[in-house]
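Participant: Okay, here's the prediction I keep looking at, along with the sequence it came from:
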Protein chains: 2
Amino acid sequence: MSKPGEAGLKALADYLASDMLACNQVIVDRMQSPVALIPQLAAHLVAAGGKRLRPLLTLAAARMCGYNNQDGRMRHVEIAACVEFIHTATLLHDDVVDDSQLRRGLASANAIFGNKASVLVGDFLFARSFQILTADASLGVMAILSAASATLAEGEVMQMTTQNDLSTSVEQYLQVIYGKTAALFAAACESGAVIGEATPEQREALRMYGANLGMAFQLVDDALDYAADQATLGKEVGDDFREGKVTLPVLAAYDAGDEEDRIFWRRVIEECDQHPGDLEAALDRIAKTNAIGITLKCAEDYAAKARENLSMFPDDTLKNLLLETASYSASRER
Amino acid sequence: MSKPGEAGLKALADYLASDMLACNQVIVDRMQSPVALIPQLAAHLVAAGGKRLRPLLTLAAARMCGYNNQDGRMRHVEIAACVEFIHTATLLHDDVVDDSQLRRGLASANAIFGNKASVLVGDFLFARSFQILTADASLGVMAILSAASATLAEGEVMQMTTQNDLSTSVEQYLQVIYGKTAALFAAACESGAVIGEATPEQREALRMYGANLGMAFQLVDDALDYAADQATLGKEVGDDFREGKVTLPVLAAYDAGDEEDRIFWRRVIEECDQHPGDLEAALDRIAKTNAIGITLKCAEDYAAKARENLSMFPDDTLKNLLLETASYSASRER
């Protein structure tokens, strides 16, 4: 039995199955290099099989706007592969930066191949995505994806500078997750719209749909770090806690907590002075203040906005699948 | 008194002073970000003041091919800044990957700002360079620079996989330094040629000039790691030795050494089993086998080829300065 939210995403992937198959083929073909370690390391991540949500969005947006390979090419598939390469590059660099040992339930690339190889293969995939974009020759798509890549790096740096800082405002937190996650979701959708020769209104609607979807997605991710077991999440539970990341569950618990709660949060997050039992104590304080509920409500609000962003499109199967994907993004069962 | 080789490079920078000034301005302007840490970290590297050899090559190649801002723009300056951004991004990642503490005689960015920030700001500069290229709108230049970026990453990965391996052939070593250094020199020159609307022959000649110059440059760099004192080099002497990098000085000393030499090299490079006094012992063995002389001779051969590559261009000041730059690249006094 599939999880409640997952049905929407799976149905979207099924509906676009032949495009996704072609996209996977481009990913495998274009990560090749005479330097054997590059495809080996890249294949490890590809084999770990992420949900491919971002390329799926590019393919869906292109089809929504009527892209039908009328140019005799598979531009939407190429661009979708670029989006996945950019995402994979950031995953590789994130895992190095955060010293993560698990990714999607498997040992992370840096844990197996080392930090050096992960940094360099990330650079390779990023460069390769711009080679593909150059060959595609759409300056519009290049502008979108190069800007999103810069915003992504800015978001990650901003996250780093807010780490261990409980005076971070909710607004700053939302800026961080826009940069680190939502900007690429937005760019994935907008790129597909450009390929599909969307009207300016359609393009803007799909860009906003992606942005709101990405916000919902990251909010739930941040909630799950305090609410899921390792088997479901496929990553180490309490990662954010151990790193002193200031996410909405922590901000909400800190904000709604009493003085004793605040003393606790300052010690574990600001001073990073953590002892056995502290993660459990953090989970208790988060439960007491309904911080997960607050975070998931925020995610649901963004998902609702994402659904509204699609109102201009005619009701058809693809639109309904994207509406379901928005519900999926805000579901804690993903 | 300037060093013998340096006069050529300094004269080239002087000749192109107003272009270089404009290029520095673009570099400073385009590394700005609302995320304050990004320009702070980038400024540290810019302030450390490299020779800016790569952007200088782009500017010189564009001018050699007659670029005279007839388009009312400063395309050569923008592209030169991109080349420097790509180079700076790789320096940031290299220093993280190699855990280097010094860069150009100052504390490295990772030593001051940490590995996380260095990886992410490298990503930002790389993304930013593609934003600038997209705005410039030359697909030709984008193809050159995205391919060079991928080759750069391949070169670095290949260097990693040959590390500690004395069975690396000289040919493999030359492939590594082509990837990690010469490819971007070649791309810097070729990009300038494209901006200057060069003929295919001029473009190829300048590409080859850059490639040969880059080979000479890296060979001398590898020689200096065993032959210079720290003050001259601006980096830690013996870095390559400590990391077990297999460079030409080591390959030549291993090849020309007796059985006792080979036992030594296998212990310190392959097993990385190094003790106090081993660097001095390595320098003695390198001196005994004339391994530095062999490496510098190889560099001089590439520099001579670089000079020949310019034969089709009319004799003028700029050509003479590029000829001198080739001499500079092969000089151990740089």
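Facilitator: Looks like it arrived, so ask away.

Participant: only C-alpha atoms for contact and neighbour calcs from this point on.
Facilitator: Fine.

Participant: Could you measure from the nearest residue to residue A:12 once chain neighbours are set aside over to chain B?
Facilitator: The shortest distance from residue A:12 to any non-neighbouring residue, by CA to CA, 6 or more residues apart in numbering or on different chains, is to residue A:321 (5.5 Å). To chain B, residue A:321 is 32 Å away according to CA to the nearest CA, to the nearest Å.

Participant: Just give me the residue closest to the centre of chain A.
Facilitator: residue A:181 (4.7 Å; CA atoms, centre = their mean).

Participant: For the nearest residue to that one once chain neighbours are set aside, what are phi and psi?
Facilitator: In space, residue A:181 comes closest to residue A:214 once its chain neighbours are excluded; the distance is 5.8 Å by CA to CA, 6+ apart. Dihedral angles of residue A:214 (phi, psi; degrees, to the nearest 10) stand at phi -60, psi -40.

Participant: now swap in the one 3 residues further on and tell me
Facilitator: Backbone torsions for residue A:217, taken as degrees, to the nearest 10, come to phi -60, psi -50.

Participant: residues in the stretch 101-250 of chain A within reach of chain B, list them.
Facilitator: When proximity is defined as CA under 8 Å from any CA of the partner chain, the stretch 101-250 of chain A approaches chain B at A:115-117, A:119-121, A:123-125, A:127-128, A:130-131, A:134-135, A:137, A:139, A:142-143, A:146-147, A:149-151, A:153-154, A:156-158, A:160.

Participant: In helices only, show me those.
Facilitator: A:115-117, A:119-121, A:123-125, A:127-128, A:130-131, A:134-135, A:139, A:142-143, A:146-147, A:149-151, A:153-154, A:156-158, A:160 (DSSP state H).

Participant: Taking these, please make a PyMOL selection of just the buried ones.
Facilitator: A single PyMOL command is used to select the members of these judged buried by 16 or more other CA atoms under 10 Å in any protein chain shown:
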select buried, chain A and resi 115+116+117+119+120+121+123+124+125+127+128+130+131+134+139+142+143+146+147+149+150+151+153+154+156+157+158+160
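
Participant: neighbours of the residue nearest to residue A:181, just the number please.
Facilitator: Close neighbours of residue A:214, defined as other CA atoms under 10 Å in any protein chain shown, add up to 30.

Participant: how close does it get to residue B:331?
Facilitator: Using CA to CA, to the nearest Å, we find residue A:214 at a distance of 54 Å from residue B:331.

Participant: Low-confidence regions, chain A specifically.
Facilitator: Across chain A, the ranges flagged by pLDDT under 70 are A:1-7, A:47-49, A:228-236, A:333-334.

Participant: residue boundaries of the strands in chain A?
Facilitator: Per DSSP state E, chain A carries strands over the ranges A:102-103, A:106-107.

Participant: so what strands line up beside the last one?
Facilitator: So the one you mean is strand A:106-107. strand A:102-103 (antiparallel) (DSSP bridges).

Participant: these two touch, right, residue A:245 and residue A:161?
Facilitator: No - taking contacts as CA atoms under 8 Å, residue A:245 lies outside contact range of residue A:161: 9.9 Å.

Participant: Settle it for me: which of those two has more neighbours?
Facilitator: For residue A:245 versus residue A:161, the count of surrounding residues by other CA under 10 Å is larger for residue A:245: 21 against 16.

Participant: With respect to residue B:39, which of the strands of chain A lies nearest?
Facilitator: strand A:102-103 (31.0 Å; CA to CA).

Participant: doesn't residue A:135 make contact with residue A:142?
Facilitator: No - look at residue A:142 against residue A:135 with CA under 8 Å: they stay out of range, at 10.7 Å.

Participant: number of nearby residues for the spatially closest residue to residue A:252 that is not a sequence neighbour?
Facilitator: Leaving aside its chain neighbours, residue A:252 sits nearest to residue A:291 (5.2 Å; criterion: CA to CA, 6+ apart). For residue A:291, the neighbour count with other CA under 10 Å is 25.

Participant: Next one: residue A:291 from residue A:253, what distance?
Facilitator: Taking CA to CA, one finds residue A:291 at 5 Å from residue A:253.

Participant: again with residue A:161
Facilitator: Distance from residue A:161 to residue A:253, by CA to CA: 21 Å.

Participant: likewise residue A:63?
Facilitator: 42 Å.

Participant: One more: residue A:327?
Facilitator: From residue A:327 to residue A:253 the distance is 25 Å (CA to CA).

Participant: still on that earlier bit, for the residue nearest to the centre of chain A, give me its contacts.
Facilitator: Neighbouring residues of residue A:181 by CA atoms under 8 Å, 6 or more residues apart in numbering or on different chains: A:152, A:214-215, A:218.

Participant: nearest to residue B:36, of the residues you listed?
Facilitator: residue A:152 (15.0 Å).

Participant: Settle this for me: the closest one is touching residue A:177, isn't it.
Facilitator: No - Residue A:152 is beyond contact range of residue A:177, at 9.3 Å (criterion: CA under 8 Å).

Participant: Could you count how many residues lie near residue A:29?
Facilitator: 11.

Participant: Contact partners for it?
Facilitator: With CA under 8 Å, 6+ apart, residue A:29 has no contacts at all.
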